[in-house]
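K.L.:
Need coordinates for the following:
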Amino acid sequence: MGAFLFMLSVLVLLAGAWPDLGQSKQSAQKCVRCCSPAGSPGAVPAPSNRMSNYPSWVMPRLQPTIDITILKGEKGESGEKGQSGVSGKEGIPGQRGYRGRKGQKGQIGLPGNSCKHVYEAFSVGRKKVLHSSDYFQDVTFDTEFVNLYKHFNMFTGRFSCYVAGIYFFNLNVHTWNFKETYLHLMRNDQEAAILYTQPSDRSIMQSQSLMLDLEEGDEVWVRMFKRERENAIYSEESDIYITFNGHLIKPAED
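P.N.:
Numbering: from 1, shown residues only. Next up is the predicted model:
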């Protein structure tokens with residue numbers, strides 16, 4: 001009895017929640033608009049009326065899509081080249097590239113100028129006096145002013161020619177009182193020039209100069225020559241009175 005009453009109360013509640021639950025099938029299928037175009041509920045107009053009276057409901061037009069590639073024509077001729085535009089601003093320098101490979105060795109160039117400047121020069125002196133003791137006696141020197149390339153031998157007192165050409169030589173001595181001064185300026189074993197002073201009560205400076213055309217290997221030196229009289233040249237330890245000089249004027253190859 002209690003279950004029957006519970007089911008009956010459920011049906012009553014359902015009937016109140018859905019009042020149209022008991023209507024016929026025909027009335028349930030009828031469509032009613034909630035809002036008409038004027039704002040009040042009414043029936044839905046026919047399709048023909050909707051398309052004519054309401055523009056928002058116009059049927060969309062179908063536009064066919066055309067494939068342009070099918071209608072593309074042939075390529076036309078190239079036009080004339082236009083004028084060059086204004087040069088743009090200079091860009092930022094790029095990074096330094098990789099070092100390239102070493103190139104091949106070039107051809108041998110033309111020979112250069114064969115003219116070459118060569119020099120020869122010496123200047124020496126003697127501080128000690130010298131008296132002749134033999135018939136011939138070599139004059140040596142103990143002071144070196146200039147000795148280019150060491151071609152003047154200070155031990156033998158001889159200049160050796162390494163560059164053939166024309167040379168200038170000069171010999172200066174100081175004579176001794178009441179003694180004869182007799183010297184030979186030698187080229188190899190031959191007398192080239194003589195420096196001579198007779199005995200006198202006064203000592204004087206005596207000089208001799210000359211130019212010689214030397215060949216490579218020639219030697220130039222000074223020799224004292226003794227005769228019946230005593231032969232001597234004067235000098236001092238503190239001063240130099242005896243000098244011998246020479247230099248190249250013109251090489252033979254020029």
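
K.L.:
need the contact list for residue 201.
P.N.:
177, 178 (Cβ atoms under 8 Å, 6 or more residues apart in numbering). (Glycine included, C-beta is placed from N, CA and C.)

K.L.:
Next one: it from residue 177, what distance?
P.N.:
Per Cβ to Cβ, to the nearest Å, residue 201 is found 6 Å from residue 177.

K.L.:
Residue 104 too?
P.N.:
Residue 104 sits 80 Å away from residue 177, going by Cβ to Cβ.

K.L.:
out of the two, which sits in the busier spot?
P.N.:
Neighbour totals were compared for residue 104 and residue 177, and residue 177 leads with 12 against 5 (other Cβ atoms under 10 Å).

K.L.:
Next up, the contacts around that one.
P.N.:
Applying Cβ under 8 Å, 6+ apart, the residues contacting residue 177 are 200, 201, 202, 203.

K.L.:
Could I have the buried ones of those residues as ChimeraX selection syntax?
P.N.:
In ChimeraX, a selection of the buried entries from these looks like this (16 or more other Cβ atoms under 10 Å):
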select :203
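
K.L.:
What is the most widely separated pair among the contacts of residue 177?
P.N.:
Spatially, the most separated pair among the contacts of residue 177 is 201 and 203, at 9.0 Å (Cβ to Cβ).

K.L.:
tally of neighbours for residue 166?
P.N.:
Here the number of neighbours of residue 166 (other Cβ under 10 Å) works out to 14.

K.L.:
where's it, which helix or strand?
P.N.:
strand 165-174 (DSSP states H and E).

K.L.:
Show me what that strand is packed up against.
P.N.:
Counting contacts by 3 or more Cβ pairs under 8 Å, 6 or more residues apart in numbering; DSSP states H and E, strand 165-174 packs against strand 181-187, strand 205-214, strand 219-225, strand 242-251.

K.L.:
what do you get if the cut-off is 6 Å, keeping everything else the same?
P.N.:
The helices and strands touching strand 165-174, judged by 3 or more Cβ pairs under 6 Å, 6 or more residues apart in numbering; DSSP states H and E, are strand 205-214, strand 242-251.

K.L.:
Contacts for the last one, please.
P.N.:
Judged by Cβ atoms under 6 Å, 6 or more residues apart in numbering, the contacts made with strand 242-251 from elsewhere in the structure are 118, 120-126, 159, 163, 165-173, 233, 235.

K.L.:
and these, which are buried?
P.N.:
Counted by 16+ other Cβ under 10 Å, the contacts of strand 242-251 give 120-126, 159, 163, 165, 167, 169, 171-173, 233, 235 as buried.
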